[in-house]
Every structure is written in structure tokens, then in C-alpha cells.
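Visitor: Give me a model of this one.
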Amino acid sequence: MDSEGAKPVEWLSRRIASSGVCSRRKASEAIREGRVSVNGNRVTEPSTRVGPDDVVEFDGARLSMPRNRVVLALNKPKGYVSTMSDTHGRRTVMDLAPQGFVGLKPVGRLDKDTEGLLLFTNDGELANRLLHPRYELAKVYEVVVRGKVADATIVRLEKGVWIEGGRTSPAKVSRIETLGDGARTRFLLEIHEGRKRQVRSMCAAVGALVVELRRLSIGPIRLGRLPKGACRKLGHQEVEALLESVGLAEAAPPPKSRRRK
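Guide: All right, here's what the predicted structure looks like:
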């Protein structure tokens, strides 16, 4: 813990959230309830500062904390469920994730028939914030629906429609294109929520049947030309942009002093 001669690294509540046990708010509640100890001593102040070598226990279980934050991008194909495992024997996105990263988990879900960008991380707090509606992270989907789409339908999608859980927030529709002889219509849909099967539900609410669905971006991270089924590690600048988008940007270290020759 923070003591003379030891440089503090982060607040205890953030350490717990980053481990993936719970959100930062729930971590703070658990600390105040006396459910957390540091180096064998019970702690009740969420702003207690801990270093990388401090041993943190939550409800008696020692937390394993990844030393290096990792964020991966996957171009998820159809036929995979976005879970760590599946009791029905279906293929999961973990079958496509590279081995060797401790604590790696998918961030949110894409349903089995949806393709496109899915993120993985070993940073629990980052994952929680990416999913929290408070940050209104933009997500862009390429949508193909059956038949032609009337202008009035586009207006309804953009203003918000009623689906399970309430009315959707305003969305943006762009790059509308009629395919073939009008049998299908393709467009981009930008939303700032993450409800279950939201895009399909929104389209169903306006009488449009989705036949193809692909997520192109999450906040500042874009799918780009990543091959279907392939995974890549995000670069430093991409991770920093992602952190900034959810209020986790880290201060840059002070510049190194140059030695005089």
C-alpha cells in the first residue's frame, strides 16, 4: 500500500474493477463493507492506493491482476456465440482468440448470426466502461434488410423506436443503397446503446427484416480489412484512444531528462 518510500500506483477500487470481479462502484461498496484486504489487513477506504506487489483479497479470494493491459480486435464470423464457453457445445469466440493472454474476455456480445468487430480485453474496468450506457460509445453497423426502405422508415429509426426495454436513443442512418432490383437495401446504422439484439429489434419495429448484419466500429476502433475469423492486438495509440473515449485516459509520464555530454 501507499507508504513512505513506496510509489502509489492506483486506487484500490480501480485495482478490483480492473481484475474483472465487479464494477468500480460495486468495488467501492465492497471495500466500505469490509470485504477487502490488502496484504492481510482489512481496508475500508476505496481511495487506498496500492502498488503492483500488494496482495489484494476480495471476499477471501486473492485477485490475480494482469500486469499489462491487452486489447484485441476480432472479426467475428457467423456461427460463433460470444461467450467464454457453451453448455450446448456450440463454437465460441474464445476458439478464435489467441492463446497466452491471462484473463482475456470478450467485451459484450454479437449474436450467433452477426458478424464483425468484437473486442477482447483483460482489463475489467475498461470492459465495464465500454458496456456502460453512460459513456454513449458509438457503434456502427452495416445492415442489409429485405425489400426497399422508405424515407419514413429511416426517420423512425433515427428518432428512436419502441423495443423491449423502452424507446431507443436517437440513431444515425447513412449510405443507403438499394441492391439488385430492390429486393434488398443496405445502410449504415450508428447507435449509442448496447441492448440485446438491438439493431435487429429496431429494424423489426419498423417492419424491416434483417438478412445480414455486421459491426464495423466501436468508438474509435474500426474493423478495417481484418480478415473474417482473424484477431489482432490493438496498437498503443488505439488503446489510448479507447481509454480516452470512456474516461480512462492515463497521464503521460514526465519526459526523461537528457544527460549533458
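Visitor: Determine the three-state secondary structure at the nearest residue to Ile16 once chain neighbours are set aside.
Guide: Once its chain neighbours are removed from consideration, Ile16 has its nearest residue in Ala27; the separation is 3.8 Å (Cβ to Cβ, 6 or more residues apart in numbering). The C-beta positions use only the backbone N, C-alpha and C, and glycine is treated the same way. When the structure is reduced to helix, strand and coil (DSSP: H, G, I helix; E, B strand; the rest coil), Ala27 reads as helix.
Visitor: was I right about Ala27 contacting Ala17?
Guide: Yes - shown here, Ala27 and Ala17 form a contact pair, counting by Cβ atoms under 8 Å, at 5.1 Å.
Visitor: now the strands for the stretch 1-150 of the chain?
Guide: Assigned by DSSP state E, counting those that start in this stretch, the stretch 1-150 of the chain shows strands spanning 10-11, 36-38, 41-43, 49-50, 56-58, 61-62, 71-76, 105-106, 115-121, 139-146.
Visitor: Please apply the same query to the stretch 151-261 of the chain.
Guide: For the stretch 151-261 of the chain, the strands defined by DSSP E, counting those that start in this stretch occupy 162-163, 166-167, 172-179, 184-191, 210-218, 221-222, 231-233.
Visitor: Relative to Val81, which of those strands is closest?
Guide: Relative to Val81, the nearest member of the strands of the stretch 151-261 of the chain by Cβ to Cβ is strand 210-218, separated by 15.1 Å.
Visitor: Just want the angle from that closest one to strand 115-121.
Guide: Strand 210-218 and strand 115-121 meet at an angle of 40 degrees, taking axes from the mean of the first three to the mean of the last three Cα atoms, to 10 degrees as the criterion.
Visitor: Against which helices or strands is strand 210-218 packed?
Guide: Other helices and strands packing on strand 210-218, by 3 or more Cβ pairs under 8 Å, 6 or more residues apart in numbering; DSSP states H and E, are strand 115-121, strand 139-146, helix 198-205.
Visitor: That strand to strand 139-146, inter-axis angle?
Guide: Inter-element angle recorded for strand 210-218 and strand 139-146: 170 degrees (by the same axes, to 10 degrees).
Visitor: what does the domain assignment say about the protein?
Guide: By the record's domain assignment, the chain is partitioned as 10-62, 71-133+220-245, 138-218 (automatic domain parsing).
Visitor: ok, back up a step: between the helices and strands packed on strand 210-218, which gets nearest to Gly180?
Guide: Counting by Cβ to Cβ, and looking across all of the helices and strands packed on strand 210-218, nearest comes strand 139-146 at 11.1 Å.
Visitor: So which bits of that closest one are buried?
Guide: Residues of strand 139-146 classed as buried: Lys139, Val140, Tyr141, Glu142, Val143, Val144, Val145 (neighbour count, 16 or more other Cβ atoms under 10 Å).
Visitor: want to throw those residues into a markdown table with distance to Val173 and pLDDT?
Guide: Below are the buried residues of strand 139-146 laid out as a markdown table (distance: Cβ to Cβ, whole Å; pLDDT from 0 to 100):
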| residue | distance to Val173 | pLDDT |
| --- | --- | --- |
| Lys139 | 14 | 98 |
| Val140 | 11 | 98 |
| Tyr141 | 10 | 99 |
| Glu142 | 12 | 98 |
| Val143 | 9 | 98 |
| Val144 | 13 | 98 |
| Val145 | 11 | 98 |
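Visitor: So which of those residues is the closest to Asp111?
Guide: Closest approach to Asp111 among the buried residues of strand 139-146 (Cβ to Cβ): Tyr141, at 12.0 Å.
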